[in-house]
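1. here is my input, please return the structure:
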Amino acid sequence: MKLFFTVLYGLWLMACPTAHAEVKGTVLWYAEREAGIEPYRVRYIVTPDFMRSDEGDDEGDFVLFDRALRQIYSVVPQNRTVLNIDGEGEVPKVPSTLSIEVRRSVDQKAPRVAGKSPVTLELVADGDLCYTAAIVPGHLEEARGALQEFALALAIRQSRTLAATPKEYQTPCFLARYLYASDFYLSQGIPLVDWSEDGQRRELFDYQDGVELDEGLFELPDDFAIIKPPGQ
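-> The predicted structure is shown next:
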């Protein structure tokens, strides 16, 4: 009888689609730093449907991006809350009063990545250098696309709150970096390293492609409070 129930339970697990469902994806590890803060590790997990970012803890805080719906969810288990940011829409066109330029250069002597020379891109707004990135074109395209979509979703959210942003913060670099050209390098390749003059920096130090992933990593808790920011 015990053997019968053991076999029956095994058959139930095989029939249940959510028991140990897996999906293949890409995992990227970046060392990130903000001004005055020690570097910390961030894990980005990308599938065709989602992108999750966290610090490597499956049970801790995480941000989930639904690529199809353009929805961002910031999940905080300690508070049992989910902040939902709507990223649907289109980024507004660059106003005629703002000049944005992307400068491109290739160092043929730099070590190749995936057989390609890294490309350096500089975002310049009204003559000021705003942000720099070294990217690899045509590499890890699924992950690149997810990062670009996420940046655009945040830019769309920024466009909705721009009127409430103090004028003194709406510098040419702010407008270019966070609104009108937030994907200036992500549209061209996966970033090896990106940085700004104010101390922000992100550097890729490891990645794996074609990884078997538990689909539970991309599920939202069903008993957490959903919070939507004003103006959404």
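
2. every contact and neighbour count from this point should use C-alpha atoms.
-> Noted.

3. can you tell me, leaving aside adjacent residues, what's nearest to residue 25?
-> Once flanking residues are discounted, residue 25 sits nearest to residue 47: 4.6 Å by Cα to Cα, 6 or more residues apart in numbering.

4. ok, now which ones touch the one you found?
-> Going by Cα atoms under 8 Å, 6 or more residues apart in numbering, residue 47 touches 23-26, 142-143.

5. how about a cut-off of 7 Å?
-> 24-26 (Cα atoms under 7 Å, 6 or more residues apart in numbering).

6. can you pull up the most central residue in the chain?
-> The centroid of the chain falls nearest to residue 147 when counting by Cα atoms, centre = their mean (4.3 Å).

7. which strands and helices lie in contact with the helix or strand harbouring residue 133?
-> Residue 133 belongs to strand 128-136 when assigned by DSSP states H and E. Where contact means 3 or more Cα pairs under 7 Å, 6 or more residues apart in numbering; DSSP states H and E, strand 128-136 is packed against strand 119-125, strand 190-195.

8. look up the closest residue to residue 63, ignoring the ones flanking it.
-> Using Cα to Cα, 6+ apart, the closest residue to residue 63 is residue 74 (4.4 Å).

9. contacting residues around the one helix or strand the one you found maps to?
-> According to DSSP H and E, residue 74 maps onto strand 71-76. When contacts are defined by Cα under 7 Å, 6+ apart, strand 71-76 is touched by residues 61-66, 81-87.

10. so of those, which ones are in strands?
-> The members of the contacts of strand 71-76 that map onto strands under DSSP state E are 62-66, 81-86.

11. may I ask which of the residues you listed has the most neighbours?
-> Sorting those by how many neighbours each has (other Cα atoms under 10 Å) puts residue 65 first, at 27 neighbours.

12. now render the ones in strands among the contacts of strand 71-76 as TSV, adding pLDDT.
-> Listed next are the ones in strands among the contacts of strand 71-76 as TSV, based on pLDDT from 0 to 100:
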residue	pLDDT
62	98
63	98
64	98
65	98
66	98
81	97
82	98
83	97
84	98
85	97
86	97
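
13. between the helix ranked longest in the chain and strand 62-66, how big is the angle?
-> Looking across the chain with DSSP state H, the single longest helix is helix 141-161. On the basis of axes from the mean of the first three to the mean of the last three Cα atoms, to 10 degrees, helix 141-161 is oriented at 90 degrees to strand 62-66.

14. mind checking how far helix 141-161 is from the chain centre?
-> Mean-position distance between helix 141-161 and its chain equals 7 Å (Cα atoms, centre = their mean, to the nearest Å).

15. what sits up against the helix or strand that it is followed by?
-> Elements were assigned by DSSP H and E; along the chain past helix 141-161, the next helix or strand is helix 172-175. Contacts to helix 172-175, defined as Cα under 7 Å, 6+ apart, come from residues 98, 125-126, 130.
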